[in-house]
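In: dropping a prediction and its sequence here:
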Amino acid sequence: MSWKNLFFALLFLPACAKKEAPIAGGVPASERSGELQTLSLNPETAKTINAAPHVGFLTDETGALRLSEIIGRRDFRYEEKNSIHRGFTGKTLWFHFRYRYQKDTAEPLLLMLGNFALHYVDFYFVKNGRLLQKRLMGQARPFVSRYGGLREFASPLPVDTEPIDLYLRVKSSTTIYFNPVIKTGKSVAEKESLDQIIAGFIFGAQAVLILFNFFLFLSLRDRSYLHYSTYILSWLIFELNNGGFLAKYMLPNHPEWDSRILPANSLLIHGFFMIFTERFTQIATGFTRNILKYAGTAFLFLAIPAVFTPQPYTNQILLTLTFPVEVVILVHAYRSIRLRRPSAGYFMAATLVSMLMIPLFILTRLLKVDADNYAVNALLYYALPLTIVAEAVIFSFALADRYRRLREENENQRQAFATELKRERHQIFAELHDIIGSDLTLLMMKTADAKSKPMQQLRERVTGISRSLRDLLDLDDIDPELPQKFAGHIEDRAREIAAVCKMQLEVDLAPVIVSARVAFHMQRFAFEALANAMRHSAASQLVVRLVQRGSWIRLLIADNGAGLQKTVRSKGHGLRNLAARARSLKGRVRLFTRPKKGVAVILSFQSGRS
C-alpha cells in the first residue's frame with residue numbers, strides 16, 4: 001500500500017459521513033431513517049445510481065458465518081453514506097441491500113464496486129430466503145472469475161419485480177473501500193473503453209519518462225537517473241496492480257502474486273524515492289541524509305520478504321513509517337534549498353505537488369457529488385496517477401536542468417583544459433625555441449654564405465625544420481591557406497625524398513576540400529609516412545595518392561621495399577604517431593606489409609566527421 005493511499009485511508013474517514021442529494025431510481029437519502037429500504041430500479045431512466053446509502057454492513061468477527069446464518073438478520077447497520085469505507089481490517093464483512101425492478105427488462109443492470117484490489121468478493125442473490133445465484137471473485141482468485149472481463153468487481157443484478165436481497169461477503173487485508181453504483185451495460189462499456197484510453201496515455205507518459213531517464217543514466221553514468229527510473233517504474237507497477245491491469249493482462253492465472261506484489265512494490269517506491277532524494281540533493285552530511293540513505297536501503301531489502309509476509313503486517317509497517325519518511329524528505333529538500341544545491345527548487349516543487357493533491361482529493365470527497373457526475377468522479381479516480389505524472393514531469397525538469405548544468409560544467413572544464421594545454425604548448429615551444437631554436441639559427445647563419453648546392457639544401461632543410469617545429473607547437477596559428485597548399489607540400493617532400501633515396505616516384509594528388517586543421521594533420525601524416533619509407537624501406541619505387549569518394553577521403557603512401565619487421569611494427573614511434581594522427585581526424589589507418597614486397601599505409605576518414 002502506497003503512502004498516498006495510506007493518507008487517503010486516514011483522512012477520508014470523516015469525509016465519508018456526508019449525505020448525498022436525491023439519486024435517480026431510489027429513495028431520497030434525506031427521507032430515510034437508517035432502516036432497510038428497497039431500491040426501485042428502472043432500466044429505461046436509470047443511468048448511474050449510487051447504491052451506497054442503501055447498503056448496510058455487519059462484521060463477522062470469526063469469519064465463520066455462513067450465508068444461511070446471515071439471511072434475515074436485522075443487525076445490519078445502515079449509515080447512509082456516499083461510499084463504503086471500513087478501513088484496514090483482516091475480518092470478514094457482510095454487506096446487504098435490497099432492490100427490485102419496476103418492470104421486466106431483457107438487459108439487467110450491473111452493480112459496479114469501483115475497486116480492483118479486494119482479496120475476496122462474493123455476491124449472493126437471495127429471494128424469499130432462497131439462493132438464486134452467486135458469483136465468487138476477488139484479487140486472490142483467477143481473473144476469469146470476474147464478470148465480463150471487467151477489471152473492477154461487478155455483477156449483473158438478476159431481473160425480478162419482486163424484492164431481491166444482495167448479500168456481499170468481503171474479506172481483504174487491504175483497505176475495504178468501494179463505491180457501489182448501478183449502471184447499464186452500455187454505460188459500463190463506454191466507461192471501460194474511456195478508462196483504458198486515459199490509462200494508456202498516463203502509463204505511456206510514465207514509460208517514456210522511464211526510458212528517457214534510463215538512457216540518460218547510460219550516457220552520463222549518474223545513478224540519480226537510474227534511481228529515478230526505478231522509482232517511476234515502481235509507481236507504474238503499483239498503478240497497473242491497483243487498477244486491475246496487472247491481473248487482467250499479465251497475471252490472470254496467478255492471483256497469489258497479484259496480491260503479494262502490492263506491499264513489496266510499496267516498499268520499493270519508498271526505498272527508491274529516499275535513495276533518489278539523497279543522491280539528487282547532493283548533501284554530503286547531515287542527519288536527514290543518513291536517514292534517507294540507510295532507511296531507503298532497508299526498505300529495498302524489506303521488499304523481498306514482504307512478498308511472503310501477510311499484508312496486514314506490511315500495511316502496519318508502512319502506516320507507521322510513511323509520515324516520518326515524508327517529513328524527513330521535506331526537511332531534506334528544504335536543506336538543499338538553503339544550501340543552494342542545483343535544481344533544489346524543482347525537487348521541492350515536485351514534492352509539494354504530490355502533497356497538495358491530497359487536500360484537493362479530500363475537498364472533492366466533501367462535496368455533494370452525484371454518482372453520474374463523471375467529471376468529478378474521473379478526477380477522484382485519476383487523482384493518484386495524475387499526481388504521479390505531475391511529479392514525474394517536474395522531476396524530469398529537475399533532471400534536465402541538472403543535465404544542462406553538467407554540460408555547462410563539462411564545457412567549462414573543456415575550455416579550461418584547452419586553455420591550459422595551449423599555455424603549456426607555448427611554454428614548451430618557448431623552451432625548445434631557447435634550446436634548439438638558437439642552434440638552428442646559428443646553423444642557418446653559418447650556411448648563409450655557402451654557395452655549394454649541398455650546403456644550400458642543408459640551409460633549406462634547417463629552415464623547414466624550424467618552420468615545422470613552430471607549426472607543430474602552435475596549432476592555433478595554422479596558415480589559413482594551408483588547405484590549398486598542403487598537397488603541394490606533400491608532393492615537394494615526396495620528390496625530395498625520392499631524389500635523395502634515388503626512388504622512382506608516382507604522385508597523384510586529387511584536389512580535396514578540407515579545413516586548415518584537417519589539412520595540417522594530413523600533411524603531418526604524409527610526412528611521417530614518407531619519413532618511414534625513407535628510413536626503413538630501401539625501396540626503388542614510391543607511390544603517393546590522394547583520392548576522394550563521396551565524403552570519404554583516402555591518402556595512400558606505398559613503396560616496394562623490404563617491408564617492416566615485427567619489432568619495428570610493435571615498438572616504432574612512427575606507427576604510433578600515424579595512428580594518433582588518424583584518431584585526431586576520427587578516421588582509421590591501415591598498414592599492409594610483406595617481406596620484400598614493401599609497405600602500404602592508407603589513411604581513411606570522413607570529411608564531415610573530422
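Out: Looks like it arrived, so ask away.

In: who touches residue 148 in this structure?
Out: Shown in contact with residue 148 (Cβ atoms under 8 Å, 6 or more residues apart in numbering): residue 154. For glycine as for every other residue, the C-beta is placed from the backbone atoms N, C-alpha and C.

In: need the per-residue pLDDT for it.
Out: pLDDT, residue 148: 85.

In: where does the stretch 351-500 of the chain have low pLDDT?
Out: 354-384, 425-426, 429-453, 456-457, 459, 463-464, 466-477 (pLDDT under 70).

In: do the same with the stretch 1-150 of the chain
Out: Judged by pLDDT under 70, the stretches of the stretch 1-150 of the chain that qualify are 1-35, 46, 88.

In: quick one: the strands in it?
Out: 38-41, 48-50, 56-60, 77-78, 84-88, 92-101, 110-112, 120-127, 130-137 (DSSP state E, counting those that start in this stretch).

In: okay, those in CSV with distance to residue 215 and mean neighbour count next?
Out: Formatted as CSV, the strands of the stretch 1-150 of the chain follow (distance: least, Cβ to Cβ, whole Å; neighbours: other Cβ atoms under 10 Å):
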stretch, distance to residue 215, mean neighbour count
strand 38-41, 54, 19
strand 48-50, 44, 23
strand 56-60, 51, 17
strand 77-78, 55, 14
strand 84-88, 40, 18
strand 92-101, 48, 20
strand 110-112, 41, 22
strand 120-127, 42, 20
strand 130-137, 41, 14
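
In: how many residues are close by residue 421?
Out: 11 (other Cβ atoms under 10 Å).

In: cool, and residue 332?
Out: 25.

In: my guess is it meets residue 283, correct?
Out: Yes - in this structure, residue 332 is within contact of residue 283 by Cβ atoms under 8 Å, at 6.9 Å.

In: who are the contact partners of residue 388?
Out: So residue 388 contacts 206, 232, 235, 239, 354 (Cβ under 8 Å, 6+ apart).

In: just the buried residues of these.
Out: 206, 232, 235, 239, 354 (16 or more other Cβ atoms under 10 Å).

In: go ahead and confirm the third one touches residue 205.
Out: No - the pair residue 235 / residue 205 is not scored as a contact, 11.7 Å apart, by Cβ under 8 Å.

In: and the pLDDT for the spatially most central residue of the chain?
Out: In the chain, the residue lying closest to the centroid (Cα atoms, centre = their mean) is residue 210, at 1.9 Å. In the predicted model, residue 210 carries a pLDDT score of 87.

In: got the phi/psi numbers for it?
Out: Dihedral pair for residue 210: phi -60, psi -50, per degrees, to the nearest 10.

In: circling back: could you dump the contacts of residue 388 into a markdown table with secondary structure and distance to residue 535 added?
Out: As requested, those are arranged in a markdown table below (DSSP: H, G, I helix; E, B strand; the rest coil; distance: Cβ to Cβ, whole Å):
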| residue | secondary structure | distance to residue 535 |
| --- | --- | --- |
| 206 | helix | 64 |
| 232 | helix | 62 |
| 235 | helix | 67 |
| 239 | helix | 71 |
| 354 | helix | 72 |
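
In: not counting its own residues, what contacts stretch 549-557?
Out: 512, 514, 522, 525-526, 529-530, 533, 542-548, 600-608.

In: show the average pLDDT along stretch 525-542.
Out: Rounded mean pLDDT across stretch 525-542 is 82.

In: do the same with stretch 263-273
Out: Rounded mean pLDDT across stretch 263-273 is 75.

In: still on that earlier bit, can you lay out the buried ones among the contacts of residue 388 as TSV showing distance to residue 584?
Out: Converted to TSV, the buried ones among the contacts of residue 388 look like this (distance: Cβ to Cβ, whole Å):
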residue	distance to residue 584
206	44
232	42
235	47
239	51
354	51
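
In: of these, closest to residue 562?
Out: When the buried ones among the contacts of residue 388 are compared for distance to residue 562 (Cβ to Cβ), residue 232 wins out at 64.8 Å.

In: with adjacent residues omitted, what lies nearest to residue 127?
Out: Counting by Cβ to Cβ, 6 or more residues apart in numbering, residue 164 is the residue found nearest to residue 127 once chain neighbours are left out, at 5.2 Å.

In: what's the burial count for the one you found?
Out: 20.

In: that one and residue 242, how far apart?
Out: 32 Å (Cβ to Cβ, to the nearest Å).

In: give the contact list for residue 255.
Out: With contacts defined as Cβ under 8 Å, 6+ apart, residue 255 is in contact with 138-143, 247.

In: can you pick out the most distant pair from those residues?
Out: So, those by Cβ to Cβ: farthest apart are 140 and 143, at 11.1 Å.

In: more crowded one of these two?
Out: residue 143 (22 against 17).

In: that one reaches residue 249, doesn't it?
Out: No - Residue 143 sits out of contact with residue 249 when judged by Cβ under 8 Å, with a separation of 9.1 Å.

In: where's residue 418 relative to residue 524, distance?
Out: Distance from residue 418 to residue 524, by Cβ to Cβ: 20 Å.

In: which one's more surrounded, those two?
Out: residue 524 (19 against 11).

In: not counting sequence-adjacent ones, nearest residue to the more buried one?
Out: residue 581 (6.0 Å).

In: and the gap between residue 236 and residue 199?
Out: 11 Å.

In: element containing the nearest residue to residue 511 once chain neighbours are set aside?
Out: Leaving aside its chain neighbours, residue 511 sits nearest to residue 487 (7.2 Å; criterion: Cβ to Cβ, 6+ apart). Using DSSP states H and E, residue 487 sits within helix 482-501.

In: for the helix or strand just after that helix, buried residues please.
Out: Next helix or strand after helix 482-501 toward the C-terminus (DSSP H and E): strand 504-509. For strand 504-509, the buried set under the neighbour-count rule, 16+ other Cβ under 10 Å, comprises residue 509.

In: buried residues, the helix or strand following strand 504-509. List them.
Out: Of the helices and strands lying after strand 504-509 in sequence (DSSP H and E), the nearest is helix 516-536. Within helix 516-536, the residues that count as buried by 16+ other Cβ under 10 Å are 517-530, 532-534, 536.

In: so helix 516-536 versus helix 482-501, what angle?
Out: On the basis of axes from the mean of the first three to the mean of the last three Cα atoms, to 10 degrees, helix 516-536 is oriented at 10 degrees to helix 482-501.

In: elements contacting helix 516-536?
Out: Where contact means 3 or more Cβ pairs under 8 Å, 6 or more residues apart in numbering; DSSP states H and E, helix 516-536 is packed against helix 453-473, helix 482-501, strand 541-549, strand 552-559, helix 573-584, strand 598-606.

In: quick one on the thing from earlier: so what's the residue nearest to residue 524 up against?
Out: 521, 524-525, 528, 589, 603.

In: between these, which is nearest residue 501?
Out: residue 528 (16.1 Å).

In: which non-adjacent residue is nearest that closest one?
Out: residue 577 is the one closest to residue 528 (Cβ to Cβ, 6+ apart), at 5.3 Å.

In: then residue 546?
Out: residue 509 (4.3 Å).

In: next one: residue 251 from residue 146, what distance?
Out: Residue 251 is 13 Å from residue 146, by Cβ to Cβ.

In: now stretch 388-401: buried residues?
Out: 388-392, 394-396, 398-399.

In: take these and lay them out in a markdown table including distance to residue 58.
Out: Converted to a markdown table, the buried residues of stretch 388-401 look like this (distance: Cβ to Cβ, whole Å):
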| residue | distance to residue 58 |
| --- | --- |
| 388 | 36 |
| 389 | 40 |
| 390 | 41 |
| 391 | 40 |
| 392 | 43 |
| 394 | 46 |
| 395 | 46 |
| 396 | 49 |
| 398 | 50 |
| 399 | 51 |
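
In: got a list of what residue 385 touches?
Out: Contacts of residue 385 by Cβ under 8 Å, 6+ apart are 199, 202, 239.

In: how about the helix or strand harbouring the second one: buried residues?
Out: Under DSSP H and E, the secondary-structure element containing residue 202 is helix 185-220. By neighbour count, with 16+ other Cβ under 10 Å as the criterion, the buried positions of helix 185-220 are 187-188, 191-192, 195, 199, 202-203, 205-206, 209-210, 213-214, 216-217, 220.
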